[in-house]
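Participant: Sequence unavailable; structure follows:
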Ligand code: GLC
């Protein structure tokens, strides 16, 4: 079986800001079960302590423009998967993973360090890259190092988790990346005068995947293409959608260590206890036990539909519901929930920040889960909600459309407050008919989005590329 080396900017359990980390933290393990050897390369951010890691290599030097950058490589085996950390404190030991003015150097260094890991420590058959932060590995391997026998025969898979973030930098950055000048053309990495790292990943990979079949089709249209729909169209023969799986070892209401009580499809009593625990945790009065609790766990970004929620929320609160929110991101959306909490005291509570334990409690304790995304490449929280019998109300876009159906959740199509309200009301109406509601919860809990099917699709893709 082919050996797979993944490269990403985050992976659970070491660093997470979003779903990318869940995928990179769990797919390698699912591949392992199919017989692949797998490894992951990621940065060592300041929050990752290395005392229980092994120093695998010292002083790997990578060259970017005028900079010679020295990194150390740490390694550790976590649940059978080898993890490598690229350690370069002045690049990665900072507040926040992304959004620094020298991100091209940070992720350029990560990408070049990957070549060193391949040369010195772990040679794969397939390099599997994720999002713009690791995209540079593709042009490095296929142009500058194309003649180097060390890398001969290695195939590249590039996965797009979110087309909105492309790693776009000013023209001057190109000279700091040590790439051949001909790459700064529209059919490679040039984009309206800028340099676009994701275009490099797309152009030089042997296969491109994105995280749901529906999103794979959507990104070829101007509405969802974020300016790359035409470019992706030219590479469409190597593009396909493979739905993300969920890690049901972590997300299982029958065993979840974060919950006050456990439950499953045949014994739902524990879910009521989880609802009480959720209210307590958020400091909400227990009279909310008689109200439907709407839950949200999300990055607070435009993508996740918060503008729609802002327009619909006041009307929605008039339906005598309770709202529990976990997430962090843009100030204006945090303010939205602060405003709601003071307008509807005792019925709205929000926690701003990333908190895995609270996320689990919301998934279990809420009755209904809201995910009105503007676009959604896959989305994982609706999949967790289904498993926890917490009925999702979703906008039918991307992976939300692929994972939720009329029997398990409530969908709406237009990005308009009225459509969102109607779908939420349909859910609330059925919530008041306990028999139908319980049947729906059971159908939702029966749906299986474990990794086994999707990991098999990746495995077939890898072997197909290698002709095995
Ligand atoms: C990004 C996408 C999300 C997807 C996740 C993992 O966070 O926005 O839809 O589930 O990546 O692929």
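Facilitator: Done, it's in. Worth saying up front: this structure is predicted, and the values here are computed from it rather than measured.
Participant: tally of neighbours for the residue lying closest to residue 105 once chain neighbours are set aside?
Facilitator: The spatially closest residue to residue 105, leaving aside those adjacent along the chain, is residue 64, at 5.6 Å (CB to CB, 6 or more residues apart in numbering). All C-beta spots, glycine's among them, are computed from the backbone N, C-alpha and C. Neighbourhood size, residue 64 [other CB atoms under 10 Å]: 21.
Participant: Quick check, pLDDT for residue 64.
Facilitator: You'll see residue 64 listed with a pLDDT of 95.
Participant: Specify the beta-bridge partners of it.
Facilitator: residue 67 (DSSP bridges).
Participant: tell me the contacts of the residue nearest to residue 25 when sequence neighbours are not counted?
Facilitator: Excluding its sequence neighbours, the residue lying closest to residue 25 (CB to CB, 6+ apart) is residue 12, at 3.3 Å. Neighbouring residues of residue 12 by CB atoms under 8 Å, 6 or more residues apart in numbering: 21, 22, 24, 25, 26.
Participant: ok, and what's touching the helix or strand harbouring residue 393?
Facilitator: For residue 393, the host element (DSSP states H and E) is strand 391-395. Under the contact criterion CB under 8 Å, 6+ apart, strand 391-395 has outside partners 305, 308, 367-374, 376, 379, 382, 385-386, 400-401, 404, 408-413, 415, 420, 423-424, 427, 431, 437, 440-441, 444.
Participant: swap the cut-off to 7 Å and go again
Facilitator: Residues from elsewhere that reach strand 391-395, judged by CB atoms under 7 Å, 6 or more residues apart in numbering: 305, 368-373, 382, 385-386, 400, 404, 409-412, 415, 423-424, 427, 440-441, 444.
Participant: Pairing partners for that strand, with directions?
Facilitator: Paired neighbours of strand 391-395 in the sheet (DSSP bridges): strand 368-371 (parallel), strand 410-412 (parallel).
Participant: Ok, which of those strands comes nearest residue 236?
Facilitator: Nearest to residue 236, of all those, is strand 410-412, at 27.0 Å by CB to CB.
Participant: counting contacts, what elements does the helix or strand following that closest one pack onto?
Facilitator: Scanning forward in sequence from strand 410-412 by DSSP H and E, the next helix or strand is helix 417-431. Counting contacts by 3 or more CB pairs under 7 Å, 6 or more residues apart in numbering; DSSP states H and E, helix 417-431 packs against helix 306-317, strand 391-395, strand 410-412, helix 434-446.
Participant: do that again at 8 Å, thanks
Facilitator: The contact analysis (3 or more CB pairs under 8 Å, 6 or more residues apart in numbering; DSSP states H and E) places helix 417-431 against helix 306-317, strand 368-371, strand 391-395, strand 410-412, helix 434-446.
Participant: Just checking the distance from the shortest one to the centre of its chain.
Facilitator: The chain centroid and the centroid of strand 410-412 are separated by 22 Å, computed with CA atoms, centre = their mean, to the nearest Å.
Participant: residues in contact with it?
Facilitator: With contact meaning CB under 8 Å, 6+ apart, strand 410-412 is reached by 372, 391-396, 400-401, 404-405, 419-420, 422-424, 426-427.
Participant: and the stretch 1-150 of the chain, which residues reach the ligand?
Facilitator: Residues of the stretch 1-150 of the chain found near the ligand (CB under 6 Å from any ligand atom) are 18, 19, 20, 23.
Participant: Who are the contact partners of the last one?
Facilitator: The one in question is residue 23. Residue 23 neighbours (CB under 8 Å, 6+ apart): 130, 161, 211, 244, 380.
Participant: That one: which element?
Facilitator: Residue 23 is part of helix 19-33, with elements assigned from DSSP H and E.
Participant: The following helix or strand past that helix versus helix 19-33: what angle between them?
Facilitator: Next in sequence after helix 19-33, counting helices and strands by DSSP H and E, comes strand 38-43. If you take axes from the mean of the first three to the mean of the last three CA atoms, to 10 degrees, strand 38-43 sits at 150 degrees to helix 19-33.
Participant: List the neighbouring strands of strand 38-43 plus their orientation.
Facilitator: Next to strand 38-43 in the sheet, as set by DSSP bridges, lie strand 4-7 (parallel), strand 81-87 (parallel).
Participant: Check what contacts that strand and list those residues.
Facilitator: Counting by CB under 8 Å, 6+ apart, 3-11, 14-15, 24, 28-29, 31-32, 81-86, 88, 91-92, 106, 110, 113-114, 117, 122, 124 sit against strand 38-43.
Participant: Where does pLDDT dip in the stretch 201-350 of the chain?
Facilitator: Applying pLDDT under 70 to the stretch 201-350 of the chain flags no residue at all.
Participant: Which residues of it lie near the ligand?
Facilitator: Within reach of the ligand by CB under 6 Å from any ligand atom, the stretch 201-350 of the chain has these residues: 211, 244.
Participant: Which one of the residues in the stretch 201-350 of the chain is closest to the ligand?
Facilitator: Taking CB to the nearest ligand atom, the ligand has its nearest neighbour within the stretch 201-350 of the chain at residue 211, 4.0 Å off.
Participant: do you know how far that residue is from residue 308?
Facilitator: Between residue 211 and residue 308 the computed distance is 22 Å (CB to CB, to the nearest Å).
Participant: Between those two, point out the one with more neighbours.
Facilitator: Ranked by neighbour count (other CB under 10 Å), residue 211 and residue 308 place residue 211 first, with 28 against 23.
Participant: ok, the more buried one touching residue 219?
Facilitator: No. Assessed by CB atoms under 8 Å, residue 211 is found out of contact with residue 219, at 10.7 Å.
Participant: Find the residues that touch each one of these two.
Facilitator: Taking CB under 8 Å, 6+ apart as the criterion, residue 211 and residue 219 both touch residue 160.
Participant: before we move on, which element is the residue nearest to residue 163 when sequence neighbours are not counted in?
Facilitator: Closest residue in space to residue 163, ignoring its immediate chain neighbours: residue 226 at 4.6 Å, by CB to CB, 6+ apart. Residue 226 is part of no helix or strand when elements are defined by DSSP H and E.
Participant: Please apply the same query to the one 4 residues further on.
Facilitator: When elements are defined using DSSP H and E, residue 230 is found to belong to helix 229-234.
Participant: picking that back up, would you write out the PyMOL command that picks the buried residues out of the contacts of strand 391-395?
Facilitator: Selection of buried members from these for PyMOL, criterion 16 or more other CB atoms under 10 Å:
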select buried, resi 305+368+369+370+371+372+373+382+385+386+400+404+409+410+411+412+415+423+424+427+440+441+444
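Participant: Show me what residue of the protein gets nearest to the ligand.
Facilitator: When scored by CB to the nearest ligand atom, the chain has residue 19 as its residue closest to the ligand, at 2.8 Å.
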